[in-house]
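A.B. asks: output the structure for:
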Amino acid sequence: MLNPPFGRVLTAMVTPFHDDGSVNLDEARRLAAYLVDEQRNDALVINGTTGESPTTTDEEKFELLKAVVAEVGDRAKVVAGVGTNETAATIKRSREAADAGAHGLLVVTPYYSKPPQDAVAEHFTIVADSTDLPVMLYDIPGRTGIPIDPRTLVEVASHERIVAVKDAKGALASSAEVMAETDLAYYAGDDAMTLPLLSVGGVGVVGTSTHFTGARTKLMIDAFLAGDLDGALQEYRRLLPVYNGVFATQGCMLVKAALGARGFRPGPLRRPLKAASDGQRDAFVALLDAAGL
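C.D. replies: Prediction:
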């Protein structure tokens, strides 16, 4: 796929908060600009799980999207996380995201209720029909309780607006089979799977560590695409401790802690999450330092 629908490197951006817990739109704009201009992100995912979407209101999501689109929407795509475990609520968020100027939608498998696969397919199709925006499906059974079956992915790939998958299933051979049968653009949903997924037809990553590794991850992907497999592998191995280390606890906890250590003002986390411990922060920052980040 020569032109992936959302570029190669995307970051699921954290949501900065003021000390009082309200959304800090100014810091969100500053962080978005840094991710695009310095970390070479082609697109940002706003209101994803890393952005603490379970604990932000629909109004906050709308205002955050508008702010980020205004800041970087002229030079990067902005993808809105809109998925819920209710089809009607997902449609509502999808339309609000379109009104806010988003360039695409990230739609997770309905969680907790564990619908059968035919209902999952219908959910995705109904949501994709609700706006004109391209849709990336988010396959993460560890959070949702169910995977998207490969046959379901092949089925929904026929929809003109279902164009991509954020793949956090951890089943590389299964993903390779779907890519062989469809034109779906596969993005690694686990940072450490970026290079392995590229090797079987993937196009890039929707990352968490890419708050810090984005530019270097872009270099790794460019090396792979240019046929410099040794160079790509060497860069991958340098970044691998960070790719894995960001998930030593909840990813957004460590990202916010490390951003704070790098001069940003990400603010607190909303409960039930909490700030990373000093030890967790220092261990992750040490990994960043060791990787030259």
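A.B. asks: the spatially closest residue to Pro266 that is not a sequence neighbour: which element?
C.D. replies: If the residues on either side of it in the chain are set aside, Pro266 comes closest to Lys256, at 4.1 Å by CB to CB, 6 or more residues apart in numbering. (Each C-beta comes from the backbone N, C-alpha and C, glycine too.) Per DSSP states H and E, Lys256 falls inside helix 251-261.
A.B. asks: list the helices and strands that helix packs on?
C.D. replies: Helices and strands touching helix 251-261, by 3 or more CB pairs under 8 Å, 6 or more residues apart in numbering; DSSP states H and E, are helix 210-225, helix 278-290.
A.B. asks: again, only using 10 Å
C.D. replies: strand 9-12, helix 25-37, helix 210-225, helix 229-245, helix 278-290 (3 or more CB pairs under 10 Å, 6 or more residues apart in numbering; DSSP states H and E).
A.B. asks: give me the buried positions along stretch 20-29.
C.D. replies: Residues of stretch 20-29 classed as buried: 23-25, 27-29 (neighbour count, 16 or more other CB atoms under 10 Å).
A.B. asks: now stretch 53-68
C.D. replies: 53, 56, 60-68.
A.B. asks: with stretch 227-236 instead?
C.D. replies: Applying 16+ other CB under 10 Å to stretch 227-236 flags 232, 235-236 as buried.
A.B. asks: using CSV, list the CA coordinates for it.
C.D. replies: Backbone C-alpha positions of stretch 227-236 (Å, rounded to 0.1, in the frame of the first residue of the first chain) are rendered in CSV as follows:
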residue,chain,number,x,y,z
GLY,A,227,14.9,-2.2,1.8
ASP,A,228,17.5,-1.5,4.5
LEU,A,229,16.4,-4.4,6.7
ASP,A,230,19.6,-4.4,8.8
GLY,A,231,19.2,-0.7,9.5
ALA,A,232,15.6,-1.1,10.4
LEU,A,233,16.4,-4.0,12.8
GLN,A,234,19.2,-2.1,14.5
GLU,A,235,16.9,0.8,15.1
TYR,A,236,14.1,-1.5,16.3
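A.B. asks: how far away from the center of its chain is that stretch?
C.D. replies: In terms of CA atoms, centre = their mean, to the nearest Å, the centre of stretch 227-236 is set 23 Å apart from its chain centre.
A.B. asks: can I get the helices and strands packed on helix 251-261 in CSV with mean pLDDT and distance to Glu155?
C.D. replies: As requested, the helices and strands packed on helix 251-261 are exported to CSV (pLDDT from 0 to 100; distance: least, CB to CB, whole Å):
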stretch, mean pLDDT, distance to Glu155
strand 9-12, 98, 25
helix 25-37, 98, 34
helix 210-225, 98, 29
helix 229-245, 98, 32
helix 278-290, 98, 40
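A.B. asks: which secondary structure element of this structure has the lowest mean pLDDT?
C.D. replies: The weakest-scoring helix or strand in the chain, judged by mean pLDDT, DSSP states H and E, is helix 141-144 (a mean of 95).
A.B. asks: list the buried ones in that one?
C.D. replies: For helix 141-144, a neighbour-count test (16+ other CB under 10 Å) marks Thr144 as buried.
A.B. asks: got the contact list for that helix?
C.D. replies: Applying CB atoms under 10 Å, 6 or more residues apart in numbering, the contact partners of helix 141-144 are 49, 83, 85, 108-114, 120, 138, 147-148, 168-171, 190.
A.B. asks: among those, which lie within helices?
C.D. replies: If you go by DSSP state H, the contacts of helix 141-144 have Val120 in helices.
A.B. asks: list only buried entries from the contacts of helix 141-144.
C.D. replies: 49, 83, 85, 108-111, 120, 138, 147-148, 168-169, 190.
A.B. asks: of the residues you listed, closest to Ala98?
C.D. replies: Closest approach to Ala98 among the buried ones among the contacts of helix 141-144 (CB to CB): Gly83, at 14.9 Å.
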